[in-house]
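Participant: okay, structure incoming, though there's no sequence with it:
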C-alpha cells in the first residue's frame with residue numbers, strides 16, 4: 001500500500017505544475033476521477049519480456065485482436081482507481097498527469113493464478129501525456145471532443161515485491177461535455193509499450209472518468225476568463241469577447257452609437273423605428289415614414305413640402321406658399337385668396353384691384369344718379385345705373401366703397417345734411433338688397449351742400465348737385 005499511496009500523492013503534487021487537457025482555455029486547470037482497466041492480451045505475440053519468461057503457454061494475441069473482450073481479458077477494479085490532473089497549455093494542446101492502481105487477475109487468456117500460484121497482483125501506473133484536442137484547436141464548442149496524445153510513464157506489477165518498467169505511451173479518446181467548460185465524461189484508451197530489455201511488458205490501459213474544469217479568473221462573472229475578456233469588469237457575451245451588448249441588437253456597446261436602444265447595423269446600432277431609411281436620432285418624424293430629403297417626414301401630396309410644414313398637406317401646392325395651391329398663379333394661396341380663379345394682388349387678398357379708369361368710370365356712372373328736389377327716392381334710371389355698378393363691384397369683390405350723398409343749397413343746412421345722408425343710404429340699401437353686395441363693403445356718408453360740382457345759382461347747376469358719388473376706400 002506504500003506504493004499506492006506514493007503514486008496518488010505524487011499525482012496530486014503535480015497539480016502545482018501540470019494540468020489535464022482542457023476543452024478550451026477558459027478554465028485551464030482540470031481534475032479527473034474515474035476507473036481503469038488493464039489488458040495484456042491484444043498487444044502482439046512478441047510484446048515484452050515479463051510474462052513470456054514465466055511458465056508455459058500462450059499469453060498474448062495479435063495486436064488489437066479481441067480488443068473489446070472485456071470479460072476474458074480486462075483487469076478491472078469496481079471503484080475509483082485513477083486520478084488525473086493538469087493544465088491547458090495553448091490552442092489545442094494540454095498536459096496530463098495521471099496516477100492509477102488496479103488488480104491483475106488475468107494475464108491474456110489465463111488466470112493470474114495459473115502463472116504465479118496467487119489469486120492476483122497489484123498494478124500501479126504513473127503517466128504524463130501531451131494531448132491534442134480538435135475542438136479546442138479549431139475553437140469549436142463541440143459536445144463530443146475527440147483527442148489524440150502521446151507521452152511516457154512508469155508501470156509497476158507487484159507479486160511478492162513491486163518491480164517497475166518505463167513505457168512509451170500513445171492514447172486516443174474523447175470527451176462528452178455535460179456542462180460546457182465545466183464538466184465532461186472522459187473515455188480514453190492508452191497503449192503502453194515497455195522500454196526495458198530485461199523486465200517490461202506492453203499492455204493497454206483503458207479509462208473512464210468525470211472531468212471537472214476550473215481555475216479561470218472571471219471578474220465580471222460572464223463565463224469568459226479575464227485573460228480573454230476584452231471587457232473584464234463588465235459582463236458581456238462570448239461572441240463579443242466578453243464585451244456587452246446592452247440593447248441586444250447584435251452590436252457590441254463599444255461599436256454601438258445607440259447602446260441602450262436596439263437598432264440596425266446600417267446605422268451603427270441606432271434604430272429606425274418607421275423603417276424609412278432615416279435613423280430616429282436624425283428623423284424629424286421618427287414614427288412616420290418619409291423621404292430622406294425631407295428629414296424622414298411624410299409628404300402625402302408629393303409637393304416637396306413635409307406634411308408637418310405643409311399648410312395644405314393633402315393638396316399639392318407651391319413650396320413658397322407653405323405647400324398650398326395657387327390656381328390663378330397670383331402669389332396668393334387659394335385658401336387665402338378671396339378670388340382663387342382670378343389673378344389679383346397680394347395686397348388685395350388675391351383679388352384684382354380696381355384701377356383708376358374703373359373708378360373714374362364708376363364716378364361717371366354715378367353722376368347720372370340724380371334726385372328730385374328734397375327727395376332721396378331712386379328713380380328708374382338711377383336703379384338701372386346701380387345695376388351696372390353692381391356688376392363692376394362683383395368683379396372686384398374685395399373693393400370697399402364709400403357712397404357719398406350731396407344736395408344743392410336750397411333749404412337749410414341741417415335739412416340738406418340729413419337729405420344727403422338719406423340719399424347715400426338709399427343707394428347703399430339698393431345695392432345690398434337688390435344686388436347682394438356684402439354690406440361690409442359699403443359705407444354711406446352725407447356731405448350736405450358742402451361739395452357742389454355745379455353753380456347753385458342756376459336751376460341746371462342745382463340739379464347736378466343733387467347726386468351721389470362712389471369713392472374707393474383704401
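Facilitator: Structure received. These figures come from a predicted structure and were not determined experimentally.
Participant: ok, which stretches of the stretch 101-250 of the chain are strands?
Facilitator: For the stretch 101-250 of the chain, the strands defined by DSSP state E, counting those that start in this stretch cover 106-107, 110-111, 121-133, 144-159, 161-179, 183-194, 203-214.
Participant: lowest-confidence helix or strand of the chain?
Facilitator: Every helix and strand of the chain was ranked by mean pLDDT, DSSP states H and E. The lowest is helix 2-13, at a mean of 41.
Participant: next SSE downstream of it?
Facilitator: Using DSSP states H and E, the next helix or strand after helix 2-13 towards the C-terminus is strand 29-39.
Participant: helices of the chain, start to end?
Facilitator: When assigned using DSSP state H, the helices of the chain occupy the ranges 2-13, 70-73, 113-116, 134-137, 356-366, 380-395, 413-435, 459-465.
Participant: out of these, the one nearest residue 271 is which?
Facilitator: Proximity to residue 271 (CB to CB) singles out helix 134-137 among the helices of the chain, at 37.9 Å. C-beta: built from backbone N, CA, C; applies to glycine.
Participant: pLDDT (mean, whole number) over the closest one?
Facilitator: With pLDDT averaged residue by residue, helix 134-137 scores 89.
Participant: do the same with stretch 309-328
Facilitator: Stretch 309-328 shows a mean pLDDT of 89.
Participant: how long is it end to end?
Facilitator: From its first residue to its last, stretch 309-328 covers 23 Å (CA to CA, to the nearest Å).
Participant: so which bits of it are buried?
Facilitator: Within stretch 309-328, the residues scored as buried using 16 or more other CB atoms under 10 Å are 310, 312-313, 315-318, 321, 323-326, 328.
Participant: pull the most distant pair out of those residues.
Facilitator: Greatest spacing in the buried residues of stretch 309-328, by CB to CB: 313 and 328 (21.5 Å).
Participant: tell me if I'm right that residue 73 and residue 106 touch.
Facilitator: Yes: between residue 73 and residue 106 there is a contact at 6.0 Å, judged by CB atoms under 8 Å.
Participant: need the residues touching each of the two.
Facilitator: When contacts are counted by CB atoms under 8 Å, 6 or more residues apart in numbering, residue 73 and residue 106 are jointly contacted by residue 40.
Participant: and the strands in the stretch 251-400 of the chain, which stretches?
Facilitator: In the stretch 251-400 of the chain, the strands defined using DSSP E, counting those that start in this stretch lie at 400-405.
Participant: spell out which residues make up each domain of this structure.
Facilitator: 2-214, 356-473 (automatic domain parsing).
Participant: distance to residue 339 and mean neighbour count added to these, as a markdown table?
Facilitator: Below are these laid out as a markdown table (distance: least, CB to CB, whole Å; neighbours: other CB atoms under 10 Å):
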| stretch | distance to residue 339 | mean neighbour count |
| --- | --- | --- |
| domain 2-214 | 79 | 18 |
| domain 356-473 | 6 | 17 |
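Participant: confidence-wise, which of these is weakest overall?
Facilitator: Taking the mean pLDDT of these, domain 2-214 comes last: a mean of 82.
Participant: for the closest residue to residue 163 other than its chain neighbours, give its distance to residue 220.
Facilitator: Distances taken as CB to CB, 6 or more residues apart in numbering put residue 199 closest to residue 163, at 6.1 Å, once the chain neighbours are dropped. From residue 199 across to residue 220, the span is 56 Å (CB to CB, to the nearest Å).
Participant: one more: residue 154?
Facilitator: According to CB to CB, residue 154 and residue 220 sit 44 Å apart.
Participant: tell me how far the nearest residue to residue 305 once chain neighbours are set aside lies from residue 329.
Facilitator: Spatial nearest neighbour of residue 305, excluding adjacent residues (CB to CB, 6+ apart): residue 323 at 3.4 Å. Applying CB to CB, the value for residue 323 to residue 329 is 16 Å.
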